[in-house]
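Colleague: pasting a predicted model and its sequence here:
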Amino acid sequence: MKRIIFSGVQPSGNLHLGNLLGAINPWVNLVNTSSNENDFIFCIVDLHAHTVPQDPKLLREKILETSAIYLAAGIDPKKAHVFIQSENHDHSYLAWLFDCVTPYGWMTRMTQFKDKSAKQAEGTTVGLFNYPILMAADILLYDTTHVPVGEDQKQHVELARDIAEKFNHTYGDTFVLPEPQIGKENARIKSLQNPAKKMSKSENDPLGTVNLLDTPDEIVKKIKRAVTDSGTQVETGYDPEGGISNLLDIYAASTGKTKTEAVGELTWLQYGAFKEKVAEAVVAKLKPIQDRYREIRNDEGYLMSILDDGRDFSIGKSGKKIEQVKEKMGIGRVG
Ligand code: AQP
């Protein structure tokens, strides 16, 4: 059966190791191991970025940076469509219609809203509350069958599925029910300064996050300063929720090894030597991506043509879905 795979990253800051090892790398593997009949659609979800305050000039820069990182990390534009969400108005159009279909009670269960609104306090907007509905529109516009995401986004994909089911039940079959695709290889990377929290663009402590465009010196410094467990060397009985476990995950995902292999290789190293190994692996993983990133940014015409093609593809596809939805919901004029 033909699969349609859709996913995206918010250009809401600097992309980091969690975005690469938990999302973009698994996308690249899926594209490269997939048969030709499948469609891959990777979006730069800039409308989502405004769920927290943004500097407009910086956001425009981050949109291009994120697009170039997708390509530099190995997304092959001959096999996948890459586009900017805000360039296709069907996303926000369908989101409004889904606002009118989704029970309020479903939204109050979204755990990410609880975490993120706690960080925002009084600055919390309705957009932050509502953004899983926009995400449902992103996914359902394309008859997406699979959504490769990190574990933290599973609840939102399940919400998209519930919205599709409710819409189909109310108005007749319109949307495909998507599945979250969370592979074993989707590493969940934690903050280097607080392993109880995921590594995140909006982390306040810059030492907590390794950004994909950090220099080798910055990477070494951040990993050297990462929190560890209470001992002095890596032990087989490391705390599974602690800093050593996180560094082992980072090492494994950066080298393409399993965590068991990483543990076998690195157990009994003193923390200092262990961190050097982890930093070396991360620098080696990021170097070719950074080199390719610079090439792409120096050839703006290449990047623009890929984003233009992606936009045209997405508008062509989503436009048909919107026509079906309008007819089923009875909005607009006939014909
Ligand atoms: N720490 C992480 N480990 C593994 N996967 C991660 N992802 C994000 N952080 C980690 C995955 O990256 C994809 C894109 O995420 P996003 O940028 O759209 O939203 P997010 O999950 O809210 O990412 P951030 O970095 O934490 O951003 P802020 O701080 O702005 O909220 C998703 O597939 C996600 O699972």
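Modeller: Here it is on my side, so go on. Numbers count the residues shown, from 1 in each chain.
Colleague: residue ranges with poor pLDDT in the stretch 101-250 of the chain?
Modeller: Where the stretch 101-250 of the chain drops to pLDDT under 70, the residues are 184-186.
Colleague: show me where it has its helices.
Modeller: 104-107, 111-120, 126-140, 154-171, 216-224, 243-255 (DSSP state H, counting those that start in this stretch).
Colleague: next to the ligand, which bits of the protein? Give me the list.
Modeller: Residues of the chain lying near the ligand by C-beta under 6 Å from any ligand atom: 9-10, 12-13, 18-19, 22-23, 149-150, 152-153, 188-189, 198-202. For every residue, glycine as well, the C-beta is placed using N, CA and C.
Colleague: list the buried residues of stretch 239-252.
Modeller: Buried residues in stretch 239-252, counted by 16 or more other C-beta atoms under 10 Å: 242-252.
Colleague: do stretch 86-100 as well
Modeller: So stretch 86-100, judged by 16+ other C-beta under 10 Å, has buried residues 86-88, 90-91, 93-95, 97-98.
Colleague: next: stretch 195-212.
Modeller: Applying 16+ other C-beta under 10 Å to stretch 195-212 flags 195, 198-201, 203, 207-212 as buried.
Colleague: which of those residues fall within strands?
Modeller: Residues of the buried residues of stretch 195-212 located in strands (DSSP state E): none.
Colleague: picking up where we left off before, any of the residues of the chain next to the ligand buried? List them.
Modeller: Neighbour counting by 16+ other C-beta under 10 Å classes 9-10, 12-13, 18-19, 22-23, 149-150, 152-153, 188-189, 198-201 among the residues of the chain next to the ligand as buried.
Colleague: export stretch 214-231 to CSV, keeping only CA atoms.
Modeller: Taking C-alpha atoms only, stretch 214-231 is exported to CSV below (Å, rounded to 0.1, in the frame of the first residue of the first chain):
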residue,chain,number,x,y,z
ASP,A,214,27.6,25.0,17.0
THR,A,215,31.3,25.1,16.5
PRO,A,216,33.4,22.0,17.6
ASP,A,217,34.7,24.1,20.5
GLU,A,218,31.2,25.0,21.7
ILE,A,219,30.1,21.3,21.4
VAL,A,220,33.1,20.1,23.4
LYS,A,221,32.5,22.8,26.1
LYS,A,222,28.8,21.9,26.4
ILE,A,223,29.4,18.2,26.7
LYS,A,224,32.3,18.7,29.2
ARG,A,225,29.9,20.7,31.4
ALA,A,226,27.0,18.2,31.0
VAL,A,227,25.6,16.9,34.3
THR,A,228,26.5,13.2,35.1
ASP,A,229,25.4,10.7,37.7
SER,A,230,26.9,10.9,41.2
GLY,A,231,29.9,8.6,40.5
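Colleague: run through who's touching it.
Modeller: 192-195, 207, 209-211, 235, 238-239, 242-244, 246-247, 271-272, 275-276, 278-279, 282-283, 286-287 (C-beta atoms under 8 Å, 6 or more residues apart in numbering).
Colleague: for stretch 115-129, same thing?
Modeller: The contact list for stretch 115-129 (C-beta under 8 Å, 6+ apart) reads 50-53, 107, 110, 113, 202.
Colleague: return the member of those nearest to the ligand.
Modeller: Using C-beta to the nearest ligand atom, residue 202 comes nearest to the ligand of these, at 3.2 Å.
Colleague: residues in contact with that closest one?
Modeller: Neighbour list for residue 202: 12-13, 52, 116, 119 [criterion: C-beta under 8 Å, 6+ apart].
Colleague: ok, so of those residues, who is nearest the ligand?
Modeller: Closest to the ligand, out of all of the contacts of residue 202 and judged by C-beta to the nearest ligand atom, is residue 12, at 4.1 Å.
Colleague: you'd agree the closest one is up against residue 53?
Modeller: No - using C-beta atoms under 8 Å, residue 12 makes no contact with residue 53, being 9.8 Å away.
Colleague: can you tell me what sits against stretch 43-56?
Modeller: Outside stretch 43-56, the residues within contact range by C-beta under 8 Å, 6+ apart are 6-12, 59, 62-63, 66-67, 70, 82-86, 91-92, 116, 120, 123, 125, 127-128, 131, 134-135, 138, 202, 314.
Colleague: hmm, which of those residues are the buried ones?
Modeller: For the contacts of stretch 43-56, burial is judged from neighbour counts taken by 16+ other C-beta under 10 Å, and it is met by 6-12, 62-63, 66-67, 70, 82-86, 91, 116, 128, 131, 134-135, 138, 314.
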